[in-house]
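Q: Whatever this is, show me its structure:
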Amino acid sequence: MATRKIPYYRMESSLIPFRPIRWQAYAGSRGCVPLATQTGVSLERPAPGVTPPPPQPTPPKVKLSRQAIKAQKEEERLQKHAEAEAAKTERNSKLPMQADELVLEECKDPPVFDLQDIPDAMEKMGWPVSAKLARTWFNAQKHIYDNDPNSVQPYESTSVTLDWVLRFGKVRDIYKDLIERGIYNRNGLGKLERILSHHLSTMFIHTKALDLDTGGFLKDLRQFHIDWQFQRASVFNQDTMQSNFSLTDLTGSLARFNLYAAIAKATVRGDKYFLYDDFKKTKTFCINPKVEVTHVFVYIKDSDSFNDDPDGVKSQYLGHWNKTGIIITPKSVLSQAVDGSHKIFGQKSINVRTHLGNYSEDRSKLHSLYFTYEGLEFLVDTRKGLFQKNREQDIYFPIYNKNFNAWREKHDRGGDFMIYSRPKLVKLDKPIRLQLQPICRPPEPM
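A: Take a look at the predicted model:
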């Protein structure tokens, strides 16, 4: 039976000069061919810097009798037959058992694609920052992010800069909205008041000079973030893409992340006075602080990890990859999107479970021929050659978060880490002015 091709998207340069890279759709007869094979992405290459073990010495050949050779060949034939039957049974368990449906094309010997080939593919796509961060993960000692954004984590603060991030998609608009509107909204101002009151109360015990300049705290970015950040703006995947929804180096390196605003410089003024207690014979020195925040630091913070949703049924799909780059199969994205946690009308997240691809439970029309319970987990052949199939440059491998987690367990390497940009000092066109509650020192004798 013929194999039905499935659509995919690939980023390609335009034939017209100076046009941006765009997504090119391939569907119908130009679609990709899903392949039946026992081979997936390889995890076998030694981790960076690790010397592979020496090859095992070849055992001396033992002369066999004709009868023994004949028996050996028969045993190999039976073994191959058993493996072929087992593979067929496994494929049939993943595919709907209906007479009018099509089958996968068999590919006995696909090319080798190792997970560590992805950074090189990113370089070829013009994604140097993504490649650098991916290599950082592969080179690091084994470490799993605990999903606590304030916990102590390894971090990297040289690869991503705010100026670089602002070049992509809608990020500059989101940044401007944060500076011009977001830091002035009620939630942000409420947190800002709490931060200022806490720090000024501590400072006022020891000094009358209360003006703030937090630049000296930037040596510890984690603690700086905990102590001084008061507002954020979310950047989603689609905000990092080009206007034609082509992926960018920012999509590959950060995807979804946040821009943060933190206190940088502030002046503090206000009436100072004593409160006298004639009964206790004490006096208390106080101030009614009027604060003017004149500068903020803006920066990026994100985690580079491969943690999946603990309540999800699927590992996050990261595209189909080979040594030249990435393609996206829409059905994989659909499968990812349908099952999962979703917010309905701003309410609490609810889990939506369609079991898309679980043919033993549901044979609805939503099912693609090639869905498994995990999504589209088959290699695909884009078949760009005129006469040859299964060429190395045409076969793409599905990559999921779970592949990176399996690599980490196998090699005892692969370290999740936090990504920071160096905070950028921004002078506000409209300073933030706040009247705080009175702050007093401990009482002292009169």
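
Q: C-alpha from now on. contacts and neighbour counts both.
A: Noted.

Q: what about the helices in the stretch 301-446 of the chain?
A: 330-338, 401-411 (DSSP state H, counting those that start in this stretch).

Q: Comparing the ones you listed by mean pLDDT, which bottoms out?
A: Among the helices of the stretch 301-446 of the chain, helix 330-338 carries the lowest mean pLDDT, at a mean of 53.

Q: Point out where the stretch 1-150 of the chain drops to low pLDDT.
A: The stretch 1-150 of the chain contains residues with pLDDT under 70 at 1-3, 14-20, 90-103.

Q: Compute the number of surrounding residues for residue 246.
A: Using other Cα atoms under 10 Å, residue 246 has 20 neighbouring residues.

Q: Make 671 the starting number, not 1.
A: Happy to do that; since the first residue is 671 now, the last one works out to residue 916.

Q: and it, helix, strand or coil?
A: Secondary structure, DSSP: H, G, I helix; E, B strand; the rest coil: residue 916 is coil.

Q: Pop out the phi and psi values for it.
A: phi -70, psi 140 (degrees, to the nearest 10).

Q: My understanding was that it contacts residue 693; is that so?
A: Yes. Using Cα atoms under 8 Å, residue 916 is in contact with residue 693, at 5.6 Å.

Q: shared neighbours of those two, anything?
A: Here residue 916 and residue 693 have residue 681 as joint contacts, going by Cα atoms under 8 Å, 6 or more residues apart in numbering.

Q: which strand in this structure runs the most residues?
A: Determined from DSSP state E, the single longest strand within the chain is strand 960-974.

Q: Contacts for it, please.
A: With Cα under 8 Å, 6+ apart, strand 960-974 has contacts from 807, 815, 831-832, 924, 927-940, 1086-1098, 1100-1106.

Q: Quick one: buried ones out of the residues you listed?
A: Neighbour counting with 16 or more other Cα atoms under 10 Å marks 807, 815, 831-832, 924, 927-938, 1086-1095, 1102-1104, 1106 as buried within these.

Q: what's the next secondary structure element after the longest helix belonging to the chain?
A: Identified as the longest helix of the chain according to DSSP state H is helix 736-764. Along the chain past helix 736-764, the next helix or strand (assigned with DSSP states H and E) turns out to be strand 775-776.

Q: Could you spell out the sheet neighbours of that following strand, each with its direction?
A: strand 703-706 (parallel) (DSSP bridges).

Q: contacting residues for the residue nearest to residue 701 when sequence neighbours are not counted?
A: Of all residues not flanking residue 701 in the chain, residue 677 sits nearest, at 4.6 Å (Cα to Cα, 6 or more residues apart in numbering). Residues in contact with residue 677 (Cα under 8 Å, 6+ apart) are 695, 696, 697, 698, 700, 701, 702, 999, 1000.

Q: and the fifth one, what does it touch?
A: Read that as residue 700. Counting by Cα under 8 Å, 6+ apart, residue 700 touches 675, 677, 1052.

Q: go on, the last one?
A: Taking Cα under 8 Å, 6+ apart as the definition of contact, the neighbours of residue 1000 are 677, 678, 679.

Q: Relative to residue 805, how far out is the nearest residue to the second one once chain neighbours are set aside?
A: Spatially, and ignoring its direct neighbours in sequence, residue 678 is nearest to residue 999 (4.4 Å; Cα to Cα, 6+ apart). Counting by Cα to Cα, to the nearest Å, the gap from residue 999 to residue 805 is 25 Å.

Q: of these two, who's got more company?
A: Taking other Cα under 10 Å, residue 999 and residue 805 do not tie; residue 999 has more neighbours (21 against 17).

Q: you'd agree the more buried one is up against residue 675?
A: No. Using Cα under 8 Å, residue 999 is not in contact with residue 675, being 11.3 Å away.

Q: Give me the spatial nearest neighbour of residue 884, chain neighbours excluded.
A: residue 934 (5.2 Å).

Q: Can you tell me what sits against the strand or helix carrying that neighbour?
A: Here residue 934 is covered by strand 927-939, with elements defined by DSSP H and E. With contact meaning Cα under 8 Å, 6+ apart, strand 927-939 is reached by 845, 848, 853, 880-885, 895, 898-906, 959-972, 1095.

Q: and the angle from that strand to strand 960-974?
A: Relative orientation of strand 927-939 and strand 960-974, computed by axes from the mean of the first three to the mean of the last three Cα atoms, to 10 degrees: 160 degrees.

Q: strand partners of the helix or strand just after strand 927-939, parallel vs antiparallel please.
A: Using DSSP H and E, the next helix or strand after strand 927-939 towards the C-terminus is strand 942-947. Strand 942-947 pairs in its sheet with strand 952-957 (antiparallel), by DSSP bridges.

Q: So for the strand it pairs with, what gets flagged as buried?
A: Across strand 952-957, burial judged by 16+ other Cα under 10 Å covers 953, 954, 955, 956, 957.

Q: try stretch 792-804
A: Of the residues in stretch 792-804, 792, 793, 795, 797, 798, 799, 800, 801, 802, 803, 804 count as buried by neighbour count, 16+ other Cα under 10 Å.
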